[in-house]
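Q: how does the following fold in three dimensions:
(2 chains)
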Amino acid sequence: MALDENIYQLRREKLKKIEALGQESYPRRYHSTHTIPQILSQYGQKTTEQLESPRVNVRVAGRIMAIRLMGKAGFAHLQQAGQRLQIYVKKDAVGENGLELYKLLDLGDHIGVSGYLFRTRTGELSVHVEEITFLSKDLLPLPEKWHGLTDVELRYRQRYVDLIMNREVREVFLKRSRLVQSFRHFMDSHGFIEVETPMMQPIAGGAVARPFITHHKSLDMKLYLRIAPELYLKRLTVGGLDRVYEINRNFRNEGLGWRWNPEFTMLEFYQAYADYREVMELTQNLLTQAAIDVTGGTRVKFGEHEIDWSQSNWQRLTMRQAILEYWPEAAGTKPQLSDFATHDSVRILVQRFNQARPHMAYDPNEPTGKTIANLFEAVVEEHLVQPTIIYEFPLAVSPLSKKKADEPDWTERWEIFAGQMELSNGFSELNDPEDQRSRFEQQLKERERGDEEAHQMDEDYIRALSYGMPPAGGVGVGVDRVAMLLTDSHTIRDVILFPLLRPERPAEDAAERSLL
RNA sequence: GGGCGCGUAGCUCAAUUGGCAGAGCAACUGACUCUUAAUCAGUAGGUUGAAGGUUCGAUUCCUUCCGCGCUCACCA
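A: Residues are numbered from 1 along each chain as shown, chains lettered A, B, ... in the order given. As a prediction, this is how the structure comes out:
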């Protein structure tokens, strides 16, 4: 703390000395001829002789990540775009003034150098510097050069330092960017148009979750941060936007965990005249393409596993089949499909399962379909490492999807799982306003029963459906989770630049900062 | 919210059974015109997360609190 402040003051004084040498302390621009990655790729393979005739003059800028001074000469490494280039500074070439400036530089400072390329005795491509231009001072010390920044909390809190020090982190976020690009390109090329719908909503609908509450002052109105864009996007299909998508944040007021951050990014899209099977195919293609675009192939390391995103590796099971398939031996003989038919038979399944592994919560008053969905999560989810589509979901947990024609307790809905996570959710959209009204009413009963997350009534949405919504398939894809799988990240915080954290200790730290 | 674990210099980590709080890097001073974890000599840097307790003596043991991580529950 005190030391940190000392360094800060010392470096401020160095900055004044740098000004005294005739350098601007915070200049406005620097004209480079090359970026460091350009130099490395264009000249990385050239021999000493090739670099000598003709001589290659360069101007290049970067942040000092290593610096070594040996009396009247020195070496440093400049970092730009995650790559490093060595520079060689000697008094004969930069003059008295240049060497004085070099002596005032610290790890973390930004400089620009002009000079020519050469190879050192050990063969490293370097810039033989003729002129140094000071660009910006690092007043706070960077973490230790060898171990870098490893403290997990500091990495999230001070992501800027994390990005400077850890190249893999930079790589993860470049891949995340490519992922979003891939999704956009895929949707655009399939005739979808991108839209933005409200993030602040008077009724938080379209998903089952507890919302964040906020308030609009001049309207004196309670607003919710959206938990899903669903109901607005479907209003747009009513309006004739037959293929729409949105990539944006949802906010859910829930606990945090390796798969959960309170704000997370979803790709959500709707395709008119399609049913759940068509959008299932589309989403499978979307994800396979994303794996290729982000990683260059379909086989992607994820921890101990290798996930194969190629089309032939995808599995499809109904929810009921999956429970049979992964029923644990310890819980006795596998159930039969008929065991899902009645409340009592499902209750017996739960009892058998809980005797073997007593950790599934069970409320005998909840709808049977909800129990089956919970049973699925308890029995199956941990087994789904390779891309798997689970389809046919209980009506009770699917208030917005169409019923199966032949089984009205089940819906035309699927979810995609991989890496033990739910990645995507899609269904044939319910577009019958009267059915929708009774589903909402059913949810209101759940709410009265104490389920805070049950859906609220949305009269305007029902009015929109009453104008006639075309048949449509709709899909949501969890962008953060896909990013995790494609970057071998095992917590969602590693794919979110600034994950939600408790604020820093206010008293001490604020006092400290005001000193700086 | 429950369980487990962690918190020591700016960073990464030590400290024997409870016995003088240390190292490397970073920083400062000096030497050094091909180094790359540069090297060499020296200097400085700490309320051991906080409060309380046990003890002649606590970084170490106990209690409470704070923060972080992992995990379980709710959720995608």
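
Q: for RNA strand B, tell me whether stretch A:129-140 is touching it.
A: No: counting by C-beta under 7 Å from any atom of the strand, no contacts exist between stretch A:129-140 and RNA strand B, the nearest distance being 7.8 Å. C-beta: built from backbone N, CA, C; applies to glycine.

Q: which residues does that stretch contact?
A: By C-beta atoms under 8 Å, 6 or more residues apart in numbering, the list of residues contacting stretch A:129-140 from outside reads A:4, A:7-8, A:11-12, A:14-15, A:18, A:23-27, A:30, A:61, A:63, A:87-89, A:93-94, A:98, A:101-102, A:105-116.

Q: now with 7 Å?
A: Contact partners of stretch A:129-140, identified using C-beta atoms under 7 Å, 6 or more residues apart in numbering, comprise A:4, A:8, A:11-12, A:15, A:18, A:23, A:26-27, A:30, A:61, A:87-89, A:93-94, A:98, A:101-102, A:106-115.

Q: whichever of those residues end up buried, select them in PyMOL.
A: Selection of the buried residues among the contacts of stretch A:129-140 in PyMOL, burial being defined by 16 or more other C-beta atoms under 10 Å:
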select buried, chain A and resi 11+15+18+23+30+61+87+88+89+93+94+98+101+102+106+107+108+109+110+111+112+113+114+115
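
Q: in a helix, that's where residue A:339 is, yeah?
A: Yes: when the secondary structure is assigned by DSSP: H, G, I helix; E, B strand; the rest coil, residue A:339 falls within a helix.

Q: find the nearest non-adjacent residue to it, please.
A: The spatially closest residue to residue A:339, leaving aside those adjacent along the chain, is residue A:345, at 4.7 Å (C-beta to C-beta, 6 or more residues apart in numbering).

Q: hmm, whichever strand or helix holds that neighbour in reach of RNA strand B?
A: In this structure, residue A:345 sits in helix A:343-356 according to DSSP states H and E. No: with C-beta under 7 Å from any atom of the strand as the measure, helix A:343-356 is seen stopping short of RNA strand B, the closest distance being 11.3 Å.

Q: give me the mean pLDDT for that helix.
A: Mean pLDDT, computed over helix A:343-356, is 86.

Q: how about it as PDB, C-alpha atoms only?
A: Output for helix A:343-356, consisting of C-alpha atoms alone and laid out as PDB, is shown next (Å, rounded to 0.1, in the frame of the first residue of the first chain):
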ATOM      1  CA  HIS A 343     -48.200 -38.800 -10.600                       C
ATOM      2  CA  ASP A 344     -47.900 -41.900  -8.400                       C
ATOM      3  CA  SER A 345     -45.600 -43.800 -10.700                       C
ATOM      4  CA  VAL A 346     -43.300 -40.800 -11.100                       C
ATOM      5  CA  ARG A 347     -43.300 -40.400  -7.300                       C
ATOM      6  CA  ILE A 348     -42.100 -44.000  -7.000                       C
ATOM      7  CA  LEU A 349     -39.300 -43.300  -9.500                       C
ATOM      8  CA  VAL A 350     -38.100 -40.300  -7.400                       C
ATOM      9  CA  GLN A 351     -38.100 -42.400  -4.300                       C
ATOM     10  CA  ARG A 352     -36.100 -45.200  -6.000                       C
ATOM     11  CA  PHE A 353     -33.600 -42.600  -7.300                       C
ATOM     12  CA  ASN A 354     -33.300 -40.800  -4.000                       C
ATOM     13  CA  GLN A 355     -32.700 -44.100  -2.100                       C
ATOM     14  CA  ALA A 356     -29.700 -44.600  -4.400                       C
END
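
Q: next SSE downstream of that helix?
A: Defined by DSSP H and E, the subsequent element after helix A:343-356 is helix A:368-379.

Q: and the helix or strand following that following helix with RNA strand B, contact?
A: Past helix A:368-379, further along toward the C-terminus, the next helix or strand under DSSP H and E is strand A:388-394. No: taking C-beta under 7 Å from any atom of the strand as the criterion, strand A:388-394 and RNA strand B are apart, separated by no less than 11.1 Å.

Q: list the helices and strands strand A:388-394 packs on?
A: The helices and strands touching strand A:388-394, judged by 3 or more C-beta pairs under 7 Å, 6 or more residues apart in numbering; DSSP states H and E, are strand A:315-318, helix A:319-325, helix A:368-379, strand A:410-418.

Q: could the ones you listed be laid out in TSV, adding mean neighbour count and distance to residue A:431?
A: Conversion of these to TSV gives the following (neighbours: other C-beta atoms under 10 Å; distance: least, C-beta to C-beta, whole Å):
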stretch	mean neighbour count	distance to residue A:431
strand A:315-318	16	23
helix A:319-325	19	23
helix A:368-379	20	21
strand A:410-418	24	12
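
Q: go through these and find the least confident stretch.
A: Averaging pLDDT over each of these singles out helix A:368-379 as the lowest, with a mean of 90.

Q: what's it in contact with?
A: Surrounding helix A:368-379, the residues in contact under the criterion C-beta under 7 Å, 6+ apart are A:319, A:322-323, A:326-327, A:340, A:343, A:346, A:349-350, A:353, A:360, A:362, A:393-397, A:409.

Q: what residues does the stretch 201-350 of chain A put near RNA strand B?
A: In this structure, the stretch 201-350 of chain A approaches RNA strand B at residues A:207-209, A:250, A:252, A:254-255, A:257-264, judged by C-beta under 7 Å from any atom of the strand.

Q: could you dump the helices and strands packed on strand A:388-394 into JSON lines with distance to residue A:308 added?
A: JSON lines is the format used below for these (distance: least, C-beta to C-beta, whole Å):
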{"stretch": "strand A:315-318", "distance to residue A:308": "11"}
{"stretch": "helix A:319-325", "distance to residue A:308": "19"}
{"stretch": "helix A:368-379", "distance to residue A:308": "23"}
{"stretch": "strand A:410-418", "distance to residue A:308": "10"}
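
Q: contact partners for the residue in the stretch 301-450 of chain A that RNA strand B sits nearest to?
A: The shortest separation between the stretch 301-450 of chain A and RNA strand B is 3.2 Å, found at residue A:422 (distances taken as C-beta to the nearest atom of the strand). For residue A:422, the contact set (C-beta under 7 Å, 6+ apart) comprises residue A:415.

Q: with the one 10 residues further on instead?
A: With contacts defined as C-beta under 7 Å, 6+ apart, residue A:432 is in contact with no residue.

Q: try it again at 8 Å.
A: Residue A:432 makes contact with residue A:465 under the criterion C-beta under 8 Å, 6+ apart.

Q: who does the lengthiest helix in chain A touch, helix- and strand-wise?
A: Residue-count comparison of every helix in chain A, with assignments taken from DSSP state H, identifies helix A:167-189 as the longest. Helix A:167-189 is packed against helix A:159-165, strand A:193-194, strand A:243-251, strand A:263-272, helix A:276-295, helix A:479-487, with contacts defined by 3 or more C-beta pairs under 8 Å, 6 or more residues apart in numbering; DSSP states H and E.

Q: okay, these in JSON lines with distance to residue A:413 and mean neighbour count next?
A: Formatted as JSON lines, the entries for these read as follows, by distance: least, C-beta to C-beta, whole Å; neighbours: other C-beta atoms under 10 Å:
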{"stretch": "helix A:159-165", "distance to residue A:413": "37", "mean neighbour count": "18"}
{"stretch": "strand A:193-194", "distance to residue A:413": "24", "mean neighbour count": "13"}
{"stretch": "strand A:243-251", "distance to residue A:413": "18", "mean neighbour count": "20"}
{"stretch": "strand A:263-272", "distance to residue A:413": "14", "mean neighbour count": "23"}
{"stretch": "helix A:276-295", "distance to residue A:413": "6", "mean neighbour count": "20"}
{"stretch": "helix A:479-487", "distance to residue A:413": "18", "mean neighbour count": "25"}
